[in-house]
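> Okay, sequence plus prediction incoming.
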Amino acid sequence: MSAGAGSRTRQARLTHRPVRSWLVAAGLLTGIVILSITALGMGDYPLNPAEVLVALTGGGGFDSTVVLQWRLPRITAALVFGTALALSGALFQTLTRNPLGSPDIIGFSTGAYTGVLLATVGLGGATVAGGAIGTSLGALIGGLGTALIVYLLAYRDGVQGFRLIVVGIGITAALHAVNSWILLRAQSETAMGAAIWGAGSLGLTSWSAVLPAIGIVLAVTPLLLLAVRPLRQLELGDDVAASHGVRVEPTRLAILGIGVLLTALVTAATGPIAFVALAAPQIARLLARSPGIPLVNSALMGALVLLGSDLIAQQALAQPIPVGMVTVVLGGGYLAALLAYQARKD
Amino acid sequence: MTAESGTLRRPGRPGLHPHALGRSATPRTTLALLLGLLVLGLLCLASVSIGSRGIGMDTVWAALSGGEVSATDRHAVLGLRLPRTLAAVVVGAALAVAGALMQSLTRNPLAEPGLLGVSAGSAFAVAIAIVGFGITSPLGYIWFALAGAFFATVAVALIGGMSAGKVDPMRMVLAGVALSAVLSGVIGALRLSDPRTFGALQVWEAGILAGRGLDVTLTVAPLVLLALIVALPLGKGLNTLALGDELAAALGVSLWKTRVLSILAITILAGGAAAIAGPIAFIGLMVPHAARFFAGADQRWVLLISLVFGPILMLTADIVARLIVWPGEMPVGLVSALLGAPVLVLLIRRRKALKL
């Protein structure tokens, strides 16, 4: 960051900020560990934290089977996918300079859903559970295709954040209509199955189901490291970035591509999980009081939010519900609370 | 009160001048209104004639005027298509005027019942009616839909900071998005908790006019009519509001009376439309823009033209819904979304300076 202003107070704030950031990161990490141990102990076969720790080291007999084979895959998935979604949201929000510029708002999730519906209901008629590859491919193609269309429609001498969001809202509405139509035409059992996927669920319960998805997401994450430097330059404004030798539009498109890819991979595995990408970076920014959107804290916050949401989805009601329904309610509630708070403060 | 946002562009033509308030209708406006009424009449006839089985105009006329027609034709015209046409006219008028009021009141060119969470409130209340009370007839939904619309409007106004005397359009839209999200999550959970009602909710949420009997429309229509009677004279107050709060107050206009009456009318109009047809998006967005194309920034004429253009768009959408997958038909709410989305995209692309 340029220290061109040189004012003493600003200098002090800049040196002070990382300390607070690190404290927030440490707090989030502690939260993740505590919540993970709690989650590993909860279920039809409850375990206390001490038993969980013993089981984790492999010395607990049946307890170890429960913890390592039954519960750990899902919790790992929640942590990795939460991280990926939050990072994706952080990239989008930084580029669009708008908290609403998250992948699910600009039509990505709905497009992925359209892809899945076409792959499962529209074409083959295969069930969602039976066609995991069809589902993933459908989600990828649908999501990426939608993102591309939204980007092209919003493009006009470059892409301005607000236009991107409104075009996204429009395309989302149209695709939503298409999805409803496919669901209305489908056999009710197929429709019900597709609707459960559409709600977004961490229903993957075995390592064999979780590992491939996690592997792919982890393989893509290093691309982010390449994006960090140009991202921070774009954050200072297009003109400043250009004067630093950044080719603005191609760079923006590439970073958006990485963000879309991350969301696409998670969505293919779980169905659309809304609001993690929107809320996690914002909460992380508020906690760390940072001027921009912090990547590391966003990632940690995403992991914590998705894990916590899944815990609520699993345990809070009489029967488990898809985690996407919990994130929608929590995320929407967070946004409403934030708005009400700001309205009172102003 | 200084709610004026510097980045905000008012809907309609810039540079509304106090002198403009007193102007009478231009030939262009009057022509639009008259042509609109003519088109509306033709569409009503078409709506009665077109369907899975086409009925000739002479037969339609005979059935309407009590002439000699077969029992099947009489039932199709009087029993099915006439109620449906009436429903489309009421819903279209309600949504369009609600949208015009919202855009003017919040000074937000993208405002409409769907975007500000009012439709989501109705949908939520109807879901409660279906899952919680086992109500499955549209007639039973009405009061739930109205109550849901009312609570959603109040909630969005409160979250958006209206109680503090501030109208921040961006914040109101965000509040609508947030509220819609929360409600849609709860609706989704309700839906999964009870697969039997899944189908009923699915159909209602798509937005549909087929099979809405006269009983539903005639129960809601008086309320909608009352709201329209309240809404149309608000044009003058809204014009003054557009000048800014200080100037409006200086001109001796009661800001709060205009605002409160507007919100009341919006609630009844949007809730009533949802009660009849389910949540139907984009009609409330598109029509006021078309109306402003003819009427400029004068809200009195925008409201009046919206009143005529709304039913036109709704009937067109409903006729398209019947033809597009003939001999079956598509829910009209899906057609309006498919028609409306490109308009929204065009709108945002054409107006370079459009900001919330």
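Everything's here; your move.

> Does anything pack onto the helix or strand encompassing B:Ile348? Which helices or strands?
In this structure, B:Ile348 sits in helix B:332-350 according to DSSP states H and E. Counting contacts by 3 or more Cβ pairs under 8 Å, 6 or more residues apart in numbering or on different chains; DSSP states H and E, helix B:332-350 packs against helix A:132-154, helix A:161-185, helix B:195-206, helix B:283-295, helix B:299-323. No exception for glycine: its C-beta is placed from N, CA and C like everyone else's.

> That helix vs helix B:283-295, what angle?
Interaxial angle of helix B:332-350 relative to helix B:283-295 (axes from the mean of the first three to the mean of the last three Cα atoms, to 10 degrees): 50 degrees.

> For helix B:332-350, could you pull out the residues that count as buried?
B:332-341, B:344-345, B:347-349 (16 or more other Cβ atoms under 10 Å in any protein chain shown).

> quick one on the thing from earlier: quick one: closest of the helices and strands packed on helix B:332-350 to B:Asp73.
Comparing the helices and strands packed on helix B:332-350 by their distance to B:Asp73 (Cβ to Cβ), the top pick is helix B:299-323, with 17.0 Å.

> Next, the buried residues of the closest one.
B:299-322.

> what do you get for stretch B:146-164?
Neighbour-count burial for stretch B:146-164, counted by 16+ other Cβ under 10 Å, picks out B:146-153, B:155-162.

> thinking again about what came up before, among the buried residues of helix B:332-350, which one lies nearest to A:Arg247?
For the buried residues of helix B:332-350, the nearest to A:Arg247 is B:Arg349 (24.2 Å; Cβ to Cβ).

> List the contacts of that closest one.
A:Leu153, A:Ala154, A:Arg156, A:Arg163, A:Val167 (Cβ atoms under 8 Å, 6 or more residues apart in numbering or on different chains).

> Now for these: which two are most distant?
A:Arg156 and A:Val167 (10.2 Å).

> the more surrounded of the two?
More crowded of A:Arg156 and A:Val167, by other Cβ atoms under 10 Å in any protein chain shown: A:Val167, with 25 against 13.

> Pretty sure that one sits against A:Leu152.
No: counting by Cβ atoms under 8 Å, A:Val167 stays clear of A:Leu152, with 9.3 Å between them.

> Name the surrounding residues that touch stretch B:147-157.
Against stretch B:147-157 from outside (Cβ under 8 Å, 6+ apart): B:113, B:116-126, B:163, B:172, B:175-176, B:179, B:183, B:263, B:266-268, B:270-271, B:274.

> So which of the residues you listed reach chain A?
The subset of those within reach of chain A, by Cβ under 8 Å from any Cβ of the partner chain, is B:Ala175, B:Leu179, B:Leu183.

> which one of those sits closest to chain A?
Relative to chain A, the closest of those is B:Ala175; by Cβ to the nearest Cβ it sits at 5.2 Å.

> Now that we're looking at that closest one, what pLDDT does it have?
Per-residue confidence at B:Ala175 stands at 83 (pLDDT).

> quick one: contacts for it?
If you count contacts by Cβ under 8 Å, 6+ apart, then B:Ala175 has A:Ala336, A:Leu339, B:Leu116, B:Gly117, B:Ala155, B:Val156, B:Ile159, B:Gly160 around it.

> phi, psi of it?
The phi and psi values for B:Ala175, taken as degrees, to the nearest 10, are phi -60, psi -40.

> Report the spatially nearest residue to it, omitting neighbours in sequence.
B:Ile159 (3.9 Å; Cβ to Cβ, 6 or more residues apart in numbering or on different chains).
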